[in-house]
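Asker: Sequence first, then the predicted structure:
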Amino acid sequence: MAPVTMKSATPSDNVDGHGRVKRFSKRSRTGCRTCRARRIKCDETPGQCTNCTSTKRICEGYEVCRIPPARGPRTAKASAASVCIQNPSLATLQRDISSRVQWKVTSDESRCLSFFQYRSVPQLVAFFDSPVWQRLILQLCYNEPAVFHAVVALGAVNQGHESARRRLAHNPRPAHRKTLQSQEEWYLFALEQSGRSFALLNKRRMSEDPYLQTVILVCCLLFVMCELLHRNIATAITHVQSGLRILNALKIERHVCGLNLTGPSAFDELVVESFLSLQGSSVFFGTREPLPVDQSFVFTQPYGVYLGDCTDGTGAGAGSCFSSLQQARKVLSPLQHTLWLFVAKCMHADDAERAAMYTALENQQHLLLTYFTRFLHVFDAFCLSTYGTTTFESACSRGLSGAEVNTAERRARRGAELTRLSVLSSILSVKNALLGAAQAQPPQYTAESIGVLDAAENAMRNVKADMHGDSPTLTPQSEIVPALFLAALRCPDIGVGCRAITAAREWGAEEGFLSASMCADILEEALRMRLQRGFEGAGEVLEGVSFDVRGDGRVTARILYDVHGEEKEHVVVLERNEALVADLLAIDGSRDWPCVRALGLLDHVL
């Protein structure tokens, strides 16, 4: 096939049919939304343009914010080609969206919508398939303008975040100010899109449309993810609580057959489950009055019978097994949601409050530990029979072709591995839940901490391998980050802390309300405090640690630790991380975070 070449314009190319020379100029990036969507030049009359009023069209006004112009090759669609090939139904749905949007769309909105489809969605489902993100939101996007603008907002924030991360990775210092300015442009555009979504929802607030409730909840989810990606924790909490207030008014109950709902579609239960998942990680950062749906199901109803009934009928004993990964995750879901609320309650309480509730909390701790242990026993049997492993250290083809292993089975294995990691970290979390704020983890749990850390690092490698070496930017589920944090926070083995910090920085993802980079900073600050006490002779003797005192008085700690027979080194300067302090002070309510209070990260700030 002959190569295609581009010829430059000649004088004859620029002459129209009447012999007049065409004048080409750079396309204007200003103008009202209506003219830009129609791709005609706007006269930009203040208020409403003459183009619209003279043709009796509604002038939608002028956008205050625009996103940076596109530069370089457009790779969004290409980057998701493999996702579309692997999931033809999703590819078809995405093509339909571009052609079926029933209102005028500007070029900026098209760019952000395309980015959401081809980049954001694959990252949002990096851990587990989700009909909410892969189907419901994409379907609503071209039928509901409020959802459309919320999707565009998330696509804009995500694109700005990835653009900034790439620029800082290549040239961190000189590009920092320009990068922040560019990221702010994306966020301001996203705020304007969110405002349009809010306005459309407010217009319909008195409507009796049975689907309006689902539309509002979906928009809430999108707003939450927007703010989390921009690290506006307090605003994200506000959106979560708005959604929870709607759900609380519905008097939702969980039964053995599922959630008791009276919504207009089966998707409603999936939306509720999405909120319950976000609620789990948000309760550590300010969410008040969470839905007690799963607590009552686990603590006051026979969850143990439910766990047994969901196996092959023999109960949760030897030989029983789940029939599918989806069934296993459905059984785990209420237990996982209950765990988050239980741990948050324990962490928010001070020592006196914890002592007053100790008997009740201890009973709940014992029940949770029993259920998680039984679940792990059954789930391991399922993994062995289905995947031939419980460690997932290497892919097993089980007789499938390479292409099949890399698509359906690899994704299923990834989900199973992350599910097992979640259970392992949950068991460790339950065991540590009733420890005092300054109390270290008992030494006999160190082996479990190392096991959780090993599993988390292995899951990181497998997820990144499936994503061509990248970590997801944002996921609604919190799986790897909490495992790293829980494994290290109270563990007496200083090497576990060093490994977790390194892994979290390498991972870099935003998992729900848990940021890998912020968790790494908090873990390192906790490690610094421990090293400071050791240097001053006020703490325990730390093996493998040496201190260097410079001429200016600065102290550096060098930590040597072992990772499966290989010696590693971690260096910590014994100075407070003022950047972390500034980040925390910029977040409303951060003083009340359990980890901030327990470590005294802001005690020195008045």
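Answerer: Yes, it's here. Numbers count the residues shown, from 1 in each chain.
Asker: List the contacts of residue 522.
Answerer: 485, 580, 595-596, 599, 601 (Cβ atoms under 8 Å, 6 or more residues apart in numbering). No exception for glycine: its C-beta is placed from N, CA and C like everyone else's.
Asker: Chain neighbours aside, what residue packs nearest to residue 297?
Answerer: Excluding its sequence neighbours, the residue lying closest to residue 297 (Cβ to Cβ, 6 or more residues apart in numbering) is residue 254, at 4.4 Å.
Asker: quick check, that neighbour in a strand?
Answerer: Yes - secondary structure of residue 254 (DSSP: H, G, I helix; E, B strand; the rest coil): part of a strand.
Asker: Please tell me I have it right and it contacts residue 334.
Answerer: Yes - with contacts counted by Cβ atoms under 8 Å, residue 254 reaches residue 334, the gap being 5.9 Å.
Asker: okay, and the common contacts of these two?
Answerer: In contact with both residue 254 and residue 334: 293-294, 297, using Cβ under 8 Å, 6+ apart.
Asker: which strand residues sit across from the residue nearest to residue 297 in the sheet?
Answerer: residue 259 (DSSP bridges).
Asker: and it, how far is that from residue 295?
Answerer: 10 Å (Cβ to Cβ, to the nearest Å).
Asker: the more surrounded of those two?
Answerer: A count of neighbours by other Cβ atoms under 10 Å puts residue 254 above the other of residue 254 and residue 295, at 23 against 18.
Asker: hey, where'd the helices end up in the stretch 1-150 of the chain?
Answerer: With DSSP state H, counting those that start in this stretch as the criterion, the stretch 1-150 of the chain has helices at 33-38, 50-54, 76-79, 81-86, 88-100, 107-115, 121-124, 131, 137-141, 145-170.
Asker: Low-confidence ranges, the stretch 451-600 of the chain, go.
Answerer: Within the stretch 451-600 of the chain, the set of residues satisfying pLDDT under 70 is empty.
Asker: tell me what the helix or strand hosting residue 296 is packed against?
Answerer: Residue 296 belongs to helix 293-299 when assigned by DSSP states H and E. If you count contacts as 3 or more Cβ pairs under 8 Å, 6 or more residues apart in numbering; DSSP states H and E, helix 293-299 packs onto strand 253-255, helix 325-348, helix 358-387.
Asker: Out of those, which is the most enclosed?
Answerer: helix 325-348 (a mean of 20; mean count of other Cβ atoms under 10 Å).
Asker: those helices in the stretch 201-350 of the chain, which residues are they?
Answerer: Under DSSP H, counting those that start in this stretch, the stretch 201-350 of the chain gives helices at 212-229, 233-249, 267-282, 293-299, 303-309, 325-348.
Asker: so which of the ones you listed comes closest to residue 565?
Answerer: helix 325-348 (33.6 Å; Cβ to Cβ).
Asker: packing partners for the closest one?
Answerer: Under the contact criterion of 3+ Cβ pairs under 8 Å, 6+ apart, helix 325-348 touches helix 267-282, helix 293-299, helix 303-309, helix 358-387, helix 410-432, helix 594-599.
Asker: where does the stretch 101-250 of the chain have low pLDDT?
Answerer: Scanning the stretch 101-250 of the chain for pLDDT under 70 picks out the ranges 167-182.
Asker: re earlier: could you save the helices and strands packed on helix 325-348 as CSV and add columns showing distance to residue 323?
Answerer: Listed next are those as CSV, based on distance: least, Cβ to Cβ, whole Å:
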stretch, distance to residue 323
helix 267-282, 20
helix 293-299, 21
helix 303-309, 12
helix 358-387, 8
helix 410-432, 13
helix 594-599, 38
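Asker: per-stretch mean pLDDT over those helices, give me the minimum one.
Answerer: Looking at these, the lowest mean pLDDT belongs to helix 303-309 (a mean of 76).
Asker: Give the buried residues for it.
Answerer: 303, 306-308 (16 or more other Cβ atoms under 10 Å).
Asker: Check the offset of that helix from the chain's centre.
Answerer: 30 Å (Cα atoms, centre = their mean, to the nearest Å).
Asker: now the helices of the stretch 201-350 of the chain in JSON lines, with distance to residue 107?
Answerer: What follows is the helices of the stretch 201-350 of the chain, written out as JSON lines (distance: least, Cβ to Cβ, whole Å):
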{"stretch": "helix 212-229", "distance to residue 107": "21"}
{"stretch": "helix 233-249", "distance to residue 107": "28"}
{"stretch": "helix 267-282", "distance to residue 107": "31"}
{"stretch": "helix 293-299", "distance to residue 107": "43"}
{"stretch": "helix 303-309", "distance to residue 107": "52"}
{"stretch": "helix 325-348", "distance to residue 107": "40"}
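Asker: Ok, which of the ones you listed comes nearest residue 135?
Answerer: Between residue 135 and the helices of the stretch 201-350 of the chain, the tightest spacing by Cβ to Cβ is seen for helix 267-282, at 8.1 Å.
Asker: Which elements pack onto that closest one?
Answerer: Judged by 3+ Cβ pairs under 8 Å, 6+ apart, helix 267-282 is in contact with helix 212-229, helix 233-249, strand 258-260, helix 325-348.
Asker: who's in contact with the most centrally placed residue in the chain?
Answerer: What sits nearest the mean C-alpha location of the chain, by Cα atoms, centre = their mean, is residue 475, with 2.7 Å. The neighbourhood of residue 475, defined by Cβ under 8 Å, 6+ apart, consists of 123-124, 126-127, 509-512.
Asker: Let's test this: what are the backbone torsions at the residue nearest to residue 344 when sequence neighbours are not counted?
Answerer: Counting by Cβ to Cβ, 6+ apart, residue 344 lies nearest to residue 283, which is 4.1 Å off, once chain neighbours are set aside. Torsion angles at residue 283 (phi, psi; degrees, to the nearest 10) stand at phi -70, psi -20.
Asker: what's the burial count for residue 283?
Answerer: Neighbours of residue 283 (other Cβ under 10 Å): 23.
Asker: Which segments of this structure make up each domain?
Answerer: 27-62, 79-290, 292-439 (automatic domain parsing).
Asker: What's the end-to-end length of the last one?
Answerer: Counting by Cα to Cα, to the nearest Å, you get 29 Å between the two ends of domain 292-439.
Asker: what comes up buried for the helix holding residue 296?
Answerer: In helix 293-299, counting by 16+ other Cβ under 10 Å, buried: 293-295, 297-299.
Asker: Ok, stretch 235-242 next?
Answerer: 235-241.
Asker: what does it rub up against?
Answerer: Under the contact criterion Cβ under 8 Å, 6+ apart, stretch 235-242 has outside partners 220, 223-224, 227-228, 275, 278-279, 282, 285-289, 513, 589.
Asker: if we go to 7 Å?
Answerer: 220, 223-224, 227-228, 278-279, 282, 285-288 (Cβ atoms under 7 Å, 6 or more residues apart in numbering).
Asker: Quick check, residue 105 in contact with residue 38.
Answerer: No - Residue 105 is not in contact with residue 38 according to Cβ atoms under 7 Å; the separation is 10.9 Å.
Asker: Can you check the distance spanned by stretch 131-143, start to finish?
Answerer: Note: stretch 131-143 ends 17 Å apart using Cα to Cα.
Asker: If you count neighbours, what's buried in that stretch?
Answerer: 132-142.
Asker: If residue 569 is in a bridge, with which residues?
Answerer: Where residue 569 sits in a bridge, its partners, by DSSP bridges, are residue 560.
Asker: contacting residues for it?
Answerer: With Cβ under 7 Å, 6+ apart, residue 569 has these contacts: 558-560.
Asker: what residues are up against the nearest residue to residue 112 once chain neighbours are set aside?
Answerer: Leaving aside its sequence neighbours, residue 112 sits nearest to residue 155 (Cβ to Cβ, 6+ apart; 3.6 Å). Residues in contact with residue 155 (Cβ under 7 Å, 6+ apart) are 112-113, 115-116, 120.
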